[in-house]
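# got a predicted structure plus its sequence, pasted below:
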Protein chains: 2
Amino acid sequence: MKILEEKILSEGTVLPNNVLKVDRFLNHKIDPQLMFQIGEEFARRFEGKGITKILTIESSGIAPSVMAGFVMQVPVIFARKKRSLTMVDELLTASVFSYTKREVQEISVSKKLLSPEDRILIIDDFLANGEAAQGLVNIVKASGGELVGIGIVIEKAFQNGGDQLRSKGICVESLVAIDSLANKTISFSKNKEVQFQ
Amino acid sequence: MKILEEKILSEGTVLPNNVLKVDRFLNHKIDPQLMFQIGEEFARRFEGKGITKILTIESSGIAPSVMAGFVMQVPVIFARKKRSLTMVDELLTASVFSYTKREVQEISVSKKLLSPEDRILIIDDFLANGEAAQGLVNIVKASGGELVGIGIVIEKAFQNGGDQLRSKGICVESLVAIDSLANKTISFSKNKEVQFQ
């Protein structure tokens, strides 16, 4: 997705340990117009798949998911990392290690919000080692619903999460794939390489 | 906002201790079409106010805020409850007590994302005791930007957060105000009362 690559180059920064900082448009400050374009692109890529629900995880997955749900006219469910007093129903849970927060979190979704009749699209902002995505896949499995695929805004293709998920036969669509962040240089897949300012 | 009152009546439930559970369309499962209508309504209520940014708090404030930002064509910033490895910049912080999670949380926003030139609209899903809203007000003050007002999806008007904020001269607009949740009965302001099923 060209416009997203351009946004990453103009507003992203590379931190040590292969961390890509995109807090100026995706996961702290949000560009709603860009989120809508992202939603349209997810809708295009998963068109005709009969999706009934989008599943994501708080917090950074919510904005792109809500726009995808708006375009596709399906509800969005976000897995919670922390239980609230209002989560009094039976829960589907999975354990997820957060790379940027350095801790294992139990994510949960109220069981009644997903059913075996659902055809579910998982959406998240990043895919790196695939921990969050795999946790969401486990929740879909536990629900009895069908996993249609996974839509990712930015895939770090040099980490193995995407490969692991695809090797299981899961359709993973990334709007942008990054091959390397070495030397503060953002290198997108298809050999397009641009020096980070 | 009539459609929102109807949604609360048809899909909300009342839990003990005056907790209104709206996890079927607002804060766990999200109805993106309704969020868009909410965004339009916030845009209408704050029209002509020269808003440059929307400030909210993760996670449940994000969906209505992103839709408001989409309609108003302004960026959204969400305060984080937990710091991430990517938050390496100077932060604006405030302490907030969460009623539904029973704990004090420090919320934070990267300082560079808000400037003294900004005219800021705060949006959140609920207003009860006003802890989260006051925390966001404190962050706006610390940024030097101007607080235009606060947009709330559901105000629990029988708790004192709204009164406290309005007594300070802050413009608080609630799309739905609830006067009472006693006896599992949702009573909207304007004396409209409906027995909860």
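Yep, it's here. Numbers count the residues shown, from 1 in each chain, chains lettered A, B, ... in the order given.
# make it CA atoms for all contacts and neighbour counts henceforth
Will do.
# C-terminal to the host helix or strand of A:Ile107, what's the next element?
Using DSSP states H and E, A:Ile107 falls within strand A:103-110. Using DSSP H and E, the helix or strand that directly follows strand A:103-110 along the chain is strand A:119-127.
# residues in contact with that following strand: which ones?
A:26, A:50-57, A:60-62, A:64-65, A:133, A:136-137, A:140, A:145-156, A:161-162 (C-alpha atoms under 8 Å, 6 or more residues apart in numbering or on different chains).
# from chain B, how far out is the residue nearest the centre of chain A?
Centroid-nearest residue in chain A: A:Asp124, 1.2 Å away (criterion: C-alpha atoms, centre = their mean). Between A:Asp124 and chain B the computed distance is 14 Å (C-alpha to the nearest C-alpha, to the nearest Å).
# so what's that residue bridging to?
A:Ile152 (DSSP bridges).
# same thing with A:Ser180?
With DSSP bridges as the rule, A:Ser180 is bridged to A:Ser187.
# kindly report the same for A:Ser110.
Beta-bridge partners, per DSSP bridges, of A:Ser110: A:Leu91.
# count the neighbours of it for me.
22 (other C-alpha atoms under 10 Å in any protein chain shown).
# again with A:Thr56
28.
# could you turn the buried ones of the contacts of strand A:119-127 into a ChimeraX selection?
Entered in ChimeraX, the line below selects the buried ones among these, by 16 or more other C-alpha atoms under 10 Å in any protein chain shown:
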select /A:26,51,52,53,54,55,56,57,60,61,62,64,65,133,136,137,140,145,146,147,148,149,150,151,152,153,154,155,156,161,162
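# so which of the contacts of strand A:119-127 sit within strands?
A:53-57, A:146-156 (DSSP state E).
# pick the one among those closest to A:Asp31.
A:Val153 (13.4 Å; C-alpha to C-alpha).
# wait, doesn't the closest one sit right on A:Val172?
No: using C-alpha atoms under 8 Å, A:Val153 is not in contact with A:Val172; the gap is 10.8 Å.
# so what's the closest residue in space to A:Asp23 that isn't next to it in sequence up against?
Of all residues not flanking A:Asp23 in the chain, A:Lys29 sits nearest, at 5.6 Å (C-alpha to C-alpha, 6 or more residues apart in numbering or on different chains). Contact partners of A:Lys29, counting by C-alpha under 8 Å, 6+ apart, are A:23, B:75-78, B:113.
# mind running it again at 10 Å?
Counting by C-alpha atoms under 10 Å, 6 or more residues apart in numbering or on different chains, A:Lys29 touches A:22-23, B:53-55, B:75-79, B:109-110, B:113-114.
# what of A:Glu106?
Applying C-alpha under 10 Å, 6+ apart, the residues near A:Glu106 are A:79-83, A:93-97, A:135.
# quickly list what it is bridged to.
Going by DSSP bridges, A:Glu106 forms beta bridges with A:Ser95.
# all helices for chain A, in order.
With DSSP state H, the ranges of helices along chain A come out as A:2-11, A:32-45, A:62-72, A:131-143, A:161-167.
# now the strand holding A:Ile107: buried residues?
A:105-110.
# restricting to C-alpha, output that strand in CSV.
What follows is strand A:103-110, C-alpha atoms only, in CSV (Å, rounded to 0.1, in the frame of the first residue of the first chain):
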residue,chain,number,x,y,z
GLU,A,103,5.5,-9.2,29.6
VAL,A,104,3.0,-12.1,29.1
GLN,A,105,-0.6,-10.9,29.0
GLU,A,106,-3.7,-13.0,29.1
ILE,A,107,-6.1,-11.7,26.4
SER,A,108,-9.8,-12.4,26.6
VAL,A,109,-13.0,-12.1,24.7
SER,A,110,-16.5,-12.7,26.0
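# so that strand versus helix A:131-143, what angle?
Interaxial angle of strand A:103-110 relative to helix A:131-143 (axes from the mean of the first three to the mean of the last three C-alpha atoms, to 10 degrees): 30 degrees.
# out of the helices of chain A, deepest packed?
helix A:62-72 (a mean of 28; mean count of other C-alpha atoms under 10 Å in any protein chain shown).
# average pLDDT for it, rounded please.
The pLDDT scores in helix A:62-72 average 98.
# between it and strand A:53-57, how big is the angle?
Between the axes of helix A:62-72 and strand A:53-57, defined by the same axes, to 10 degrees, the angle is 170 degrees.
# anything in helix A:62-72 near chain B?
Yes: using C-alpha under 10 Å from any C-alpha of the partner chain, helix A:62-72 comes into contact with chain B via A:62-72.
# same check on stretch A:50-61?
Yes: counting by C-alpha under 10 Å from any C-alpha, contacts between stretch A:50-61 and chain B involve A:53-55, A:57-61.
# of those, closest to A:Met1?
Of all the residues of stretch A:50-61 next to chain B, A:Met1 sits closest to A:Gly61, with 17.6 Å by C-alpha to C-alpha.
# quick one, what contacts the closest one?
Here A:Gly61 is in contact with A:26-27, A:55, A:78-79, A:122-126, A:152-153, B:59 (C-alpha under 10 Å, 6+ apart).
# lowest-pLDDT helix or strand in chain A?
strand A:192-195 (a mean of 42; mean pLDDT, DSSP states H and E).
# great, nothing more from me.
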